[in-house]
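K.L.:
let me see the structure of the following:
(2 chains)
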Amino acid sequence: MKILWESMPYLLRGMWITIKLALVSEVCILVLGLLIALVRISKIRVFRFLAAVYIDVIRGIPLILQIVIIYFGLVHLGLNLDRFTSGVLALTICYAAYEAEIFRSGIESINKGQMEAARSLGMGYMKSMRFVILPQAIRRVIPPLSNEFIALLKDTALVSVIALAEAFQRSRELMGTLANLTPLVGVAICYLLLTIPLMRLVQYIEKRMARGD
Amino acid sequence: MTEEPMIRTVKLVKKFGHHEVLKGIDFEVQPSEVVVVVGPSGSGKSTLLRCINGLEHATGGHVYVEGVDITDHDTDINQVRQKLGMVFQDFNLFPHLTALGNVTLAPVRVKKVNEEDADRRGIELLDKVGLKEKADSYPAHLSGGQQQRVAIARAFAMDPDVMLFDEVTSALDPELVKEVLDTMKDLVREGMTMIVVTHEMGFAKEVGDRLVFMDEGEIVEEGEPAEVFTNPRNPRTREFFSKILTHM
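P.N.:
This next block holds a predicted model:
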């Protein structure tokens, strides 16, 4: 108990890095994911193909491997990004592939008549997307995207492989120096304090939307 | 022929795969004319309408809107579509916008009308279709007939030269059909050019300047509505009317 208490400040600072990592990545992921989704459904076949390849390749490789490849690969190329940026980059590249598929399914779930109605009013494809399709599609994919965010929050722990001092990495350091498992339990509790309320929130949103639709 | 017709199709062909839905349609609509297109389902009448505003790409032939060939790749289809107001069978209102939002979206985003003016005009149009008090309602809270009237106002908000109606009463409960037809009659009275694909024969007879009967991708017969109804020349037309009239 004492160890738990004493290691907490150090772990909490790590947790703060974890949260920052997750939030910064999430913003990048949403932007990139949406872009990839739009390319994935574009009318130009080559673009569609490239997006599909990206999505398949990324989803077919373990995240932890991508993190290592990106970090050391960039170093090898002479691009010396700090660990936090590398972490954000790796998480973004990976999660954007998953979220692109979620965005795509959301866009494709919108009735074809919506696009036709928008186009028939003289709105171009991009305008129709922006003002008619996306507002509806994004609303629909909020629950699955929220679940992805929870997964992301947990997956930030993988960034410890490049020794970024986020929560999990710190707990392992402490475990090593103190020869005690308690810090790991401490960090697990920290994750739960974040993920359980988030999971409840997603359930709440899902229920409300089920009633609304 | 001195005046350029509003709409003209020349040998318009549309194929879906190997299936030829339109088999070389020659069709014209003059300014202020109300043309009613009838025919059995699958006859290609909706496809004809959709080819006119480019929602379907013609496989062959030409479609001219006020003299502009929309099958030409250099034609800015968005420009042409502003002249063509389309109303759909299943309304296709934008569910995330209020009735007023539906009506003002295109004027604001395409014509760059400022929002105040667009709102004022939008309220006017909703008033015209009898739904001023529903301006802030979302489509989900409107009846089918009300939704369709909002859709008419929405199409009309772009100040089109021609209105295209694609079986706009087919998805409505019978008691809601009249309010939509009445709204359309108001437009006729204003001299709007209209192409109306419908099964409403009473409406065709009452307001149609010309009746076009289509079957299997061809225009089989056309003429003055009362004349075609009472005295169809083609056996296919006769058969079609005898079938519906027994249902009436």
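
K.L.:
now do the same for residue 119: its pLDDT.
P.N.:
Went with chain A since none was named. Note for A:R119: predicted pLDDT of 96.

K.L.:
wrong chain, I was asking about chain B
P.N.:
pLDDT, B:D119: 96.

K.L.:
distance of it from B:P5?
P.N.:
35 Å (C-beta to C-beta, to the nearest Å). (C-beta placed from N, C-alpha, C; glycine too.)

K.L.:
what's across from B:E222 in the sheet?
P.N.:
Following DSSP bridges, B:E222 is listed with bridge partners B:V212.

K.L.:
what's around it, how many residues?
P.N.:
17 (other C-beta atoms under 10 Å in any protein chain shown).

K.L.:
apart from its neighbours in sequence, what residue is nearest B:I244?
P.N.:
B:M201 (6.5 Å; C-beta to C-beta, 6 or more residues apart in numbering or on different chains).

K.L.:
no no, B:K83
P.N.:
In this structure, B:K83 finds its nearest non-sequential neighbour in B:D161, 4.6 Å apart by C-beta to C-beta, 6+ apart.

K.L.:
what's the answer for B:V110, then?
P.N.:
A:G122 (4.9 Å).

K.L.:
was I right about the residue nearest to B:K83 contacting B:T193?
P.N.:
Yes: counting by C-beta atoms under 8 Å, B:T193 is a contact partner of B:D161 at 6.3 Å.

K.L.:
what do those two both touch?
P.N.:
B:M6, B:P31 (C-beta atoms under 8 Å, 6 or more residues apart in numbering or on different chains).

K.L.:
out of the two, which sits in the busier spot?
P.N.:
Neighbours were counted for B:D161 and for B:T193 using other C-beta under 10 Å; B:T193 has more, 24 against 15.

K.L.:
isn't that one right up against B:P5?
P.N.:
No: B:T193 sits out of contact with B:P5 when judged by C-beta under 8 Å, with a separation of 9.7 Å.

K.L.:
okay, and the common contacts of the two?
P.N.:
In contact with both B:T193 and B:P5: B:V29, B:Q30, B:P31, using C-beta under 8 Å, 6+ apart.

K.L.:
up against chain B, what does chain A have?
P.N.:
Contact residues, chain A versus chain B (C-beta under 8 Å from any C-beta of the partner chain): A:111, A:113-114, A:116-124, A:127, A:131-132, A:135-136, A:139.

K.L.:
only whichever of those residues are buried, select them in PyMOL.
P.N.:
If you want just the buried ones from the residues of chain A next to chain B in PyMOL, going by 16 or more other C-beta atoms under 10 Å in any protein chain shown, the selection is:
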select buried, chain A and resi 114+116+117+118+119+120+121+122+123+124+127+131+132+136
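
K.L.:
where along chain B do the helices fall?
P.N.:
B:45-52, B:77-81, B:99-109, B:115-128, B:144-156, B:174-189, B:201-207, B:225-230, B:235-247 (DSSP state H).

K.L.:
dump these into TSV; add mean neighbour count as well.
P.N.:
Shown next, in TSV, are the helices of chain B (neighbours: other C-beta atoms under 10 Å in any protein chain shown):
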stretch	mean neighbour count
helix B:45-52	24
helix B:77-81	19
helix B:99-109	25
helix B:115-128	17
helix B:144-156	25
helix B:174-189	17
helix B:201-207	18
helix B:225-230	16
helix B:235-247	13
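
K.L.:
if we can go back for a sec, for the residue nearest to B:K83, give me phi and psi.
P.N.:
Dihedral pair for B:D161: phi -90, psi -30, per degrees, to the nearest 10.

K.L.:
where does chain B dip in pLDDT?
P.N.:
Chain B contains residues with pLDDT under 70 at B:1-2, B:245-248.

K.L.:
contact residues of it facing chain A?
P.N.:
Near chain A, when you scan chain B using C-beta under 8 Å from any C-beta, you find B:53, B:55, B:78-79, B:81-82, B:84-86, B:88, B:90, B:92-96, B:105-106, B:109-110, B:151, B:154-155, B:158.

K.L.:
what is the burial count for residue 172?
P.N.:
Just so you know, I chose chain A. Neighbours around A:R172, by other C-beta under 10 Å: 15.

K.L.:
wrong one, I was asking about chain B
P.N.:
Applying other C-beta under 10 Å, I find that B:L172 has 21 neighbouring residues.

K.L.:
again, but for A:D56
P.N.:
Quick note: A:D56 (other C-beta under 10 Å) scores 11 neighbours.

K.L.:
buried residues in the lowest-mean-pLDDT helix or strand in chain A?
P.N.:
One helix or strand of chain A scores below all others by mean pLDDT, DSSP states H and E: helix A:167-178, with a mean of 83. Neighbour-count burial for helix A:167-178 flags A:A167, A:F168, A:Q169, A:R170, A:S171, A:E173, A:L174, A:M175 (criterion: 16+ other C-beta under 10 Å).

K.L.:
give me the nearest residue to the first one, chain neighbours excluded.
P.N.:
Beyond its immediate neighbours in the sequence, the residue positioned closest to A:A167 (C-beta to C-beta, 6+ apart) is A:G14, lying 3.8 Å away.

K.L.:
contacting residues for the residue nearest to B:K83?
P.N.:
Contacts of B:D161 by C-beta under 8 Å, 6+ apart are B:M6, B:P31, B:E66, B:K83, B:L84, B:T193.

K.L.:
and those, which are buried?
P.N.:
Members of those classed as buried by 16+ other C-beta under 10 Å are B:M6, B:K83, B:L84, B:T193.
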